[in-house]
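coordinates only, sequence not included:
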């Protein structure tokens with residue numbers, strides 16, 4: 001009888017503890033290997049070729065694959081998996097940089113055949129700084145000391 005009471009108390013404690021776990025602490029399924037490989041490929045192209053990542057387009061493609069950029073980033077829960085694939089891909093791309101950069105730009109660049117604007121040229125800024133089209137006003141002349 002005493003054992004039954006102890007087990008009931010332990011079960012109640014376990015139930016209360018599990019109910020107190022916040023929702024964000026729940027375990028999620030890992031993204032599909034294809035999504036992790038895609039993220040590593042884009043990160044490697046950015047690293048080796050100097051492209052900027054079009055974050056909105058990149059995020060949209062990851063969402064279609066059932067994940068988010070926060071999950072595959074270096075500090076994300078699956079970043080370690082992406083990093084190991086990224087290192088291999090970066091090394092492979094660096095061995096034949098010119099051809100690799102042309103290939104990846106053809107797939108994911110501004111005119112990409114797979115998806116457009118995932119990778120953007122490094123020097124192309126999306127928008128000029130505010131007021132860049134106006135000439136700077138001259139500084140006011142200093143007042144003479146009295």
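Okay, I see it. On a predicted model such as this, the values are computed, not experimentally measured, just so you know. Numbers count the residues shown, from 1 in each chain.

residues of the helix or strand containing residue 62 that come out buried?
In this structure, residue 62 sits in helix 55-64 according to DSSP states H and E. By neighbour count on 16 or more other CB atoms under 10 Å, the buried set for helix 55-64 is 57-59, 61-62. The way it works is simple: take the backbone N, C-alpha and C, and place the C-beta from them, glycine included.

tell me the one among those nearest to residue 110.
residue 57 (10.5 Å; CB to CB).

show me what contacts that closest one?
Neighbouring residues of residue 57 by CB atoms under 8 Å, 6 or more residues apart in numbering: 115-118.

of these, buried ones?
By neighbour count, with 16+ other CB under 10 Å, those hold 115, 118 as buried.

what would the contacts of residue 57 look like in JSON lines with distance to residue 48?
Output for these, formatted as JSON lines (distance: CB to CB, whole Å):
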{"residue": "115", "distance to residue 48": "19"}
{"residue": "116", "distance to residue 48": "20"}
{"residue": "117", "distance to residue 48": "19"}
{"residue": "118", "distance to residue 48": "15"}
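
element containing the residue lying closest to residue 74 once chain neighbours are set aside, please.
Among residues not flanking residue 74 along the chain, residue 83 sits closest, at 6.2 Å (CB to CB, 6 or more residues apart in numbering). For residue 83, the enclosing helix or strand under DSSP H and E is helix 79-95.
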